[in-house]
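[1] structure for the following, please:
(2 chains)
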Amino acid sequence: MDGSILASRSAEIAAAAQRPARQFSPWREAWRRFRRHRLALASTFILLSMIAAIALAPFIWKVAINDIDFTARMQTPSWAHPFGTDDLGQDLLARMLYGGRISLAVGLSAMTVALTVGTLIGAVAGMSRGWVGPALMWLTDLFLSLPALPLLLLVIYLFRDALKTAFGPEGGVFILIVIVIGGLRWMPVARLVRAQFLSLREKEFVEAARALGATKTRQVVRHILPNALGPVIVAGTIDVAAAIIAESTLSFLGLGFPPDIPTWGRILYDAKDYLDIAPHWAMFPGAAIFLAVLSINFIGDGLRDALDPRKVL
Amino acid sequence: MGRYLLKRLLIAVPSLLGISVVLFTVLALAPGDPFGELATNPSIPPEVREALRVKFGLDDPIVLRYFRWIAAMLHGDWGFSFTSRINVDTLILQRLPATLFVIGSAQLVALMIALPVGVFAATRPYSVFDQIANTFAFIGFSLPTFFTGLLLILIFSVQLDWLPFVYRADIDATGWRWYWEHFRQSIMPITVLGLFQGASMTRYVRSAVLDVIRLDYVTTARAKGLGERRVIIKHVVRNALIPVVTLVALQMPAIFGGAIVTEQIFRVPGIGSLLISAILSNDTPVIMAVTFVFACLVVLFNLIADVLYGWLDPRITLG
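    Take a look at the predicted model:
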């Protein structure tokens, strides 16, 4: 969504004549409300520039991430190495740009897993009128009281080697981390979705759809789910931040990606023993994680203002 | 009260059982052998390995193995650490006090930050103070604990040289000096956890107080001529704390996650760092036991939250 939104939107509406103009207005209303949250807007800008840097950098900054140069060990930032170098003389900027791609990819994929599982379970629990709903909610509460990080560590410890042989070192750990982080973050989404479904399914418009003979799937997909989406999107945004932190935590504990894959957490892990001689080495990846998480959290807050129906009036 | 507690305890039992089923399923689904280490050890002959497998019943059906495992856990037979060569329960009991001390103090610090700041911000919504507090809260829970830990070490240990960055269990001092050294080494781990907790708690307190402060009974209290201080402290905060208690209890798993990281950074000899070292040395019995202890602690804190609930909210029937 760009600045000249009014002109382009109305032009689009005019072009798509068969579409009623009203269909756009909820999103435009949301955007109007989102814009009022200054910090969220600034965060969107920061996050988009980070994503752009990560995506475009390989074409501009062509230093290899594993270019070892013992004459330039642990150098402070300079023109040759804008972010300095580590103990093997590897360029930190290149490594961070590479790690950023992994961190954001893990965040987005884990969020997708969490939203899919959460929406599915919440929807089933919200639509069922028998024992299925309470049973699923009991499961949700059970998962909520699982200690996530110890369990994450346990699963990674047990399954790491098998997946490594199946999908290669990078792919195996990526799949494992995404599934486990996603699999331990779906509970809030499920609760939200169920709560929304319980109230929405009794609304008149759903009753009307039911009276017209809409199947249960159609009721859910066409009528209930779109109306329950606002809080889900907000929860999803916050999940991205939580997943990035979880992945960095694992790497920081030395149990995430293998050492030759420099995620932000891994760079911090390598840097933590050299805090006294090369503090810049730890500062850059730490600041990157902080900035990404902070801006995602602010965007989530802005989206809550924009999309959460409970905030209206 | 006794009956209420008993009922809550009975509700906690199924969730503990559920957690144990999840843990055991994960372990059973895992490829490889928990005794893999013995299998690769050339000094153990194959017959002995077979005998061990039979003795531990590793080839039995999974349901049978689960019941045997849970029975052993209930008996207090938690197995034997591969690396430390002592019983797992002794090992955990040695490490548990440090963890509980750090987590408990961090919670106190978080409460001491969150209550005043949250209440003050909520009584002046959208004021400058509120906005600053809100921004700081966002910064606080967006800063991962491992990064705050490193930052504090960099500032207070490396640059200023005020505080030690390694937590030591054996301080060779007595009397006041011991307490002083202990206090000094605890400051940073507790601050890291406390700030992280305090940040999210502040937001909970603020929104809970905002919800309560608009209610009619608060207006009534004011109309009776009570001072604003008294209205806030006696009438608003107590009711606002009820949802806060729930949210803090729900946060408990995240707190333990933060505690593991903090213990690892500052080398606090707690069960979190025990878990990491056990994973790095493939010490399966310790890993399973520590994970289970973490799960028990979460359930225990939920139980405490329920009790607090009953105390804060007399409307909850204690029957």
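[2] please give the element, helix or strand, for the residue lying farthest from the centre of chain B.
    Within chain B, the residue lying farthest from the chain centre (Cα atoms, centre = their mean) is B:Glu47, at 43.4 Å. Using DSSP states H and E, B:Glu47 falls within helix B:46-55.
[3] for the helix or strand that comes right after that helix, the distance to its chain's centre please.
    As assigned by DSSP H and E, the chain's next helix or strand after helix B:46-55 is helix B:62-74. In terms of Cα atoms, centre = their mean, to the nearest Å, the centre of helix B:62-74 is set 26 Å apart from its chain centre.
[4] find the residue at the geometric middle of chain A.
    Nearest to chain A centroid, counting by Cα atoms, centre = their mean: A:Val240, 1.9 Å.
[5] and it, what element?
    Under the criterion of DSSP H and E, A:Val240 resides in helix A:225-252.
[6] tell me who's in contact with residue 142.
    All of this is about chain A. Contacts for A:Leu142 (Cβ atoms under 8 Å, 6 or more residues apart in numbering or on different chains) come out as B:15, B:18-19, B:22. (Glycine included, C-beta is placed from N, CA and C.)
[7] think we crossed wires, I meant chain B
    Taking Cβ under 8 Å, 6+ apart as the test, what B:Ser142 contacts is A:241, A:290, A:293-294, A:297.
[8] most neighbours out of the residues you listed, which is it?
    The most crowded member of the contacts of B:Ser142, judged by other Cβ atoms under 10 Å in any protein chain shown, is A:Val293 (25 neighbours).
[9] which stretches of the chain have low pLDDT?
    Reading this off chain A. Applying pLDDT under 70 to chain A picks out residues A:1-24, A:63-76, A:79-83, A:85, A:87-89, A:169, A:308-313.
[10] hm, I was asking about chain B
    Low-confidence regions of chain B, defined here as pLDDT under 70, cover residues B:1, B:30-44, B:49, B:52-60, B:82, B:168-173, B:316-319.
[11] residue closest to the middle of it?
    Geometric centre of chain B, nearest residue: B:Phe256, 3.4 Å, by Cα atoms, centre = their mean.
[12] pretty sure that one sits against B:Phe294.
    Yes - B:Phe256 lies in contact with B:Phe294 (Cβ atoms under 8 Å); the separation is 5.3 Å.
[13] touching both of those two, which residues are there?
    Shared contacts of B:Phe256 and B:Phe294 (Cβ under 8 Å, 6+ apart): A:147, A:150.
[14] check the burial of residue 131 by counting its neighbours.
    Answering for chain A, as no chain was given. If you count neighbours by other Cβ under 10 Å, A:Trp131 ends up with 8.
[15] looking at chain B here, not the other one
    The burial count for B:Gln131: 13, using other Cβ under 10 Å.
[16] any buried residues in the helix or strand hosting it, and which?
    B:Gln131 belongs to helix B:128-142 when assigned by DSSP H and E. Counting neighbours by 16 or more other Cβ atoms under 10 Å in any protein chain shown, one finds that the buried residues in helix B:128-142 are B:130, B:133-134, B:137-138, B:140-142.
[17] and for stretch A:155-174?
    A:155-160, A:163-164, A:172-174.
[18] how about the residues you listed in a markdown table, adding secondary structure and distance to chain B?
    Listed next are the buried residues of stretch A:155-174 as a markdown table, based on DSSP: H, G, I helix; E, B strand; the rest coil; distance: Cβ to the nearest Cβ, whole Å:
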| residue | secondary structure | distance to chain B |
| --- | --- | --- |
| A:Val155 | helix | 6 |
| A:Ile156 | helix | 8 |
| A:Tyr157 | helix | 5 |
| A:Leu158 | helix | 4 |
| A:Phe159 | helix | 6 |
| A:Arg160 | helix | 10 |
| A:Leu163 | helix | 9 |
| A:Lys164 | helix | 11 |
| A:Gly172 | helix | 12 |
| A:Val173 | helix | 15 |
| A:Phe174 | helix | 18 |
